[in-house]
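> sequence and predicted model, in that order:
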Amino acid sequence: MLIKTVFSGFGGQGVLSMGHTLASAAMLEGKYVTYFPSYGAEVRGGTANCTVSISDEEIASPVASQPDFVVSMNQPSFLRFQSLVQSGGLILVNSSMVNITSVRGDIEVVEIPTSELAEKLGNLKVANMIILGVFIKVSNITPFTLLLKNLPAILGEKRSRLLKINKEALELGFNYLQG
Amino acid sequence: MKKINSRPASLKEAPFHYCPGCGHSIVHRLVAEVIDEMKLREKSICSLGVGCAVVAYKYFDVDTVEAPHGRAAAVATGIKRVRPENIVFTYQGDGDLAAIGTAETLHAANRGELITVIFINNAVYGMTGGQMAPTSLVGQKTTTSPAGRNPLKEGYPLKFSEVLALLGGSSYLERVAVNNPANIRKAKKAIAKAFQHQKKKSGFSVVEILSPCPTNWRMSSVESCRWIDEVMTKVYPLGVIKEKKC
Amino acid sequence: MSGTSTIGEAAIQAGCKYYFGYPITPQNALPEYMAQRLSEVPGGVFLQAESEIAAINMLLGASVAGARAMTSSSSPGISLKQEGISYMAGQELPAVIVNVMRGGPGLGTIYPAQSDYFQSTRGGGHGDYRTVVLAPDSVQELADMTALAFDLADNYRTPVIVLADGVLAQMMEPVRIPSRKRKKLPAKNYILTGAKGRPSRIIHSFTMDPKEQEDHNWKLVRKYKQIEQREVRYESFLLEDAEMVVVAYGTAARIAKGAIKRLRKENLKVGMIRPITLWPFPTKIIQETVKYIHDFFVFEMSAGQMIEDVRLSLEGKGRIHFYGRPGGVIPAPVELYRIISRHYYQSKRKKGR
């Protein structure tokens, strides 16, 4: 089973680290994994996206022409990737920044007011981890426990003091849809 | 009988192929003598430029590599970074160093690479048959400036040593000539000093040598030596251009 | 690990302590990795050169001095390095050069392509010479091929090119860096160290005598023949019962594999030959395959370059199909699947007649 997910948004929203965090956890699970960042001239403030492919067998292309899942952190990326997502696929949107009035009928959209939730935690920068938590829940793509376990390795020593808040954000997201 | 002079050990026993009156033979000998006297023969590595002296490996009895045209300083950089304990020098002409190798030379100097550049300035492309060089003088007739170098069309003589002197990484620059015995003695001292600067890790060192090319200047040897004094040194004054304390 | 970090780490594990380079997208993460990592390696040197030309000549110098060293760049920068590559081929100096290909000609795009096949496999610079060209198709192979490149370069005293592209370089995949288990290599009795206790050495490619030059050229040719006999590498995939064989390398081969898996699900008997060494090209396996498979489908992220080697290998036998996407476009497996299946059925119909 091959599942491709595109994470997208503004540069600086933590889009690439969402993908990296997921890819590393899936790798620990023993799956075939590729992580492919878009690259271009823009660095901060431009659009950024990355594709994570997870499979039980070798992965042909690390690029997704029709992703199964899309996570959209801003309006331009929502408009761009909703047209690509597979029929029956799912888009997770950061509803704090995305207006979804014009959406395709054959895909599922889940809205998460990410920025508001992040404010509750007291750090806007972990909005990405909140939406990643929700994503793990709805996609069931890799064990959540594995993701948490791998978090210290992802953050590294330099950012180890951010471990707690990132973990809280992931958990907040993971449990968000339970109610 | 007492032997008062002999071939330096750092020169192989091979007859020079250079034209009569050419300065290369003199400079080769000076470099070899300095290497002998400073006991550097077993430590020296030479990075040769392309020009008349491209086959100087036939004469220098030290480890030698022939660099692509203009790239001698970059090749020397690679060698010195791997073998900082060795003495690394380049031997280049004006076309090699100040035209096609401008970037490599300037940046090696700016990085303060611990290498020594022996820079032969004869104001002409010798090996290829006497074309205009970046160092050719205003009005100088060459095969590619038959009416004489016109600064409005062909620019001015490039004083590259002065340019290099502006850079933080250069440690010692001196301009000398090999057109008479007194100048030749000064040239040898300058070469020794340049190697000293390298040994003491002070920075990039250059000895620019005004050298006669009777063949392409269309002069006799004697006229060539006089031309260096009367014309060339007016544009390229002899002496120390920069010397850091080391 | 990302492709670029993998190349860097594999090089360091292979004993490379010297890196010379110049920034160009999409390979910048490699010099950045080396700048950091080589500062931790005792005696390690990272040097950002003033140009690609300077970088390749610093590499030449490091090789002359006997070190394992490398440079990397991307297509336009590799063009500038050809001078140094030609010199190193002529002077018989080992070197590893990584090309992360992007679309061309000219400045082109920064997106992945396979448009430097001709440049890499035909020598690239002036003169009668070849360079070994390794074409990995995964991050793991980037590691393995980088390590192999250093061994081949030292073994044959010749420049070796690792030919990657923007996809492989940017991508992250699980990888195991090969540990430093080197095979026995010939002693470096030609390097310049200072003539202590031995006659002085000369490394040159220039000679005044055409006969001497000819002898040198024939010596190189004999070496290249040896490489052709010993160092051909390829992967074959589902060839046994195939009726059509795809020939593709690097990223294109990955995409082709995905397409072939789909085709197989629909019982279309398609297999693949993936050249891993582009030079020496795996001619023999193609000649053996055409004895029982008539149709060859060449797929490249270029307007068609490797197809010439396939054509030469086939010597007029069989039939060649081609699909290419030049300029930096990454085709999807499903797109290739449609095209191959069209060609497959057309060939079948022709045979049926």
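Thanks, I have the structure now. Numbers count the residues shown, from 1 in each chain, chains lettered A, B, ... in the order given.
> which residues of the stretch 251-353 of chain C fall in helices?
For the stretch 251-353 of chain C, applying DSSP state H, counting those that start in this stretch gives helices covering C:283-289, C:307-314, C:333-352.
> hang on, I meant chain A
For chain A, helices defined by DSSP state H occupy the ranges A:15-28, A:75-82, A:114-121, A:127-139, A:144-155, A:163-176.
> would you agree C:V98 falls within a helix?
No. Membership of C:V98 in a helix is not supported by DSSP: H, G, I helix; E, B strand; the rest coil, which gives strand.
> what helix or strand does the residue nearest to it when sequence neighbours are not counted sit in?
Excluding the flanking residues, the one nearest C:V98 by CB to CB, 6 or more residues apart in numbering or on different chains is C:S72, at 3.7 Å. Every residue, glycine included, has its C-beta placed from N, CA and C. Assigned by DSSP states H and E, C:S72 falls within strand C:69-73.
> and that strand, which strands flank it?
Its sheet considered, strand C:69-73 pairs with strand C:18-21 (parallel), strand C:95-101 (parallel) by DSSP bridges.
> mean pLDDT, distance to C:A10 and mean neighbour count for these - can I get that in a markdown table?
Listed next are those as a markdown table, based on pLDDT from 0 to 100; distance: least, CB to CB, whole Å; neighbours: other CB atoms under 10 Å in any protein chain shown:
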| stretch | mean pLDDT | distance to C:A10 | mean neighbour count |
| --- | --- | --- | --- |
| strand C:18-21 | 98 | 13 | 28 |
| strand C:95-101 | 98 | 10 | 29 |
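> out of those, which gets nearest to B:G95?
strand C:18-21 (24.7 Å; CB to CB).
> so where's the chain shaky on pLDDT?
I'll assume chain A. Scanning chain A for pLDDT under 70 picks out the ranges A:40-45, A:179.
> oops, chain C please
Scanning chain C for pLDDT under 70 picks out the ranges C:181-182, C:353.
> and it, which residues reach chain B?
Neighbours of chain B within chain C, by CB under 8 Å from any CB of the partner chain: C:18, C:20, C:45, C:47, C:49-51, C:53-55, C:57-67, C:69, C:83-84, C:87, C:91, C:192-197, C:200-206, C:208.
> for chain A, what is the nearest residue in the stretch 201-350 of chain C?
Per CB to the nearest CB, the residue of the stretch 201-350 of chain C with the smallest distance to chain A is C:G258, at 2.3 Å.
> pull the contacting residues for that residue.
A:I59, A:A60, A:S61, C:P333, C:L336, C:Y337 (CB atoms under 8 Å, 6 or more residues apart in numbering or on different chains).
> wait, the residue nearest to C:V98 touches C:I97, no?
Yes. Using CB atoms under 8 Å, C:S72 is in contact with C:I97, at 7.2 Å.
> list phi and psi for the residue in chain B positioned nearest to chain C.
Going by CB to the nearest CB, chain C is nearest to B:G78 of chain B, at 2.2 Å. Main-chain dihedrals, B:G78, degrees, to the nearest 10: phi -60, psi -40.
> where's it relative to A:N74, distance?
47 Å (CB to CB, to the nearest Å).
> who has more neighbours, the two?
Remark: of B:G78 and A:N74, B:G78 carries more neighbours, 33 against 19, as counted by other CB atoms under 10 Å in any protein chain shown.
> sorry, back to before: ok, the closest residue to the residue of chain B closest to chain C other than its chain neighbours - how many residues close by?
Using CB to CB, 6+ apart and skipping the chain neighbours, the partner closest in space to B:G78 is C:G61 (2.2 Å). Other residues within reach of C:G61 by the criterion other CB under 10 Å amount to 33.
> just checking, C:G61 touches B:A72?
No. In this structure C:G61 lies outside contact range of B:A72 using CB under 8 Å: 9.3 Å.
> joint contacts of the two?
B:S47.
> so for stretch B:159-167, what gets flagged as buried?
For stretch B:159-167, burial by neighbour count (16 or more other CB atoms under 10 Å in any protein chain shown) applies to B:K159, B:F160, B:S161, B:V163, B:L164, B:A165, B:L167.
> I'd assumed the residue nearest to B:G78 was in a helix, is it?
Yes. Assigned with three-state DSSP, C:G61 falls within a helix.
> return the residues in contact with it.
Taking CB under 8 Å, 6+ apart, one finds B:S47, B:V65, B:A67, B:A74, B:V75, B:A76, B:T77, B:G78, B:I79, B:K80, B:R81, B:V82 in contact with C:G61.
> now with 7 Å, please.
If you count contacts by CB atoms under 7 Å, 6 or more residues apart in numbering or on different chains, C:G61 has them with B:S47, B:A74, B:V75, B:A76, B:T77, B:G78, B:I79.
> let's see if you can find the most crowded of the residues you listed.
Compared across the contacts of C:G61, B:V75 has the highest neighbour count, 36 neighbours, by other CB under 10 Å.
> distance between the host helix or strand of that one and the chain's centre?
Assigned by DSSP H and E, B:V75 belongs to helix B:72-82. Centroid separation for helix B:72-82 versus its chain: 17 Å, with CA atoms, centre = their mean, to the nearest Å.
> touching that helix from outside, list them.
By CB under 7 Å, 6+ apart, the residues outside helix B:72-82 that reach it are B:45, B:47-49, B:65, B:67, B:88, B:90, B:92, B:96, B:101, B:104-105, B:108, B:113-115, B:117, C:18, C:20, C:45, C:47, C:54, C:57-62, C:64-67, C:192.
> those in strands, which ones?
Of these, the ones assigned to strands by DSSP state E are B:I45, B:S47, B:L48, B:V65, B:V88, B:T90, B:Q92, B:V117, C:Y18, C:F20, C:V45, C:L47.
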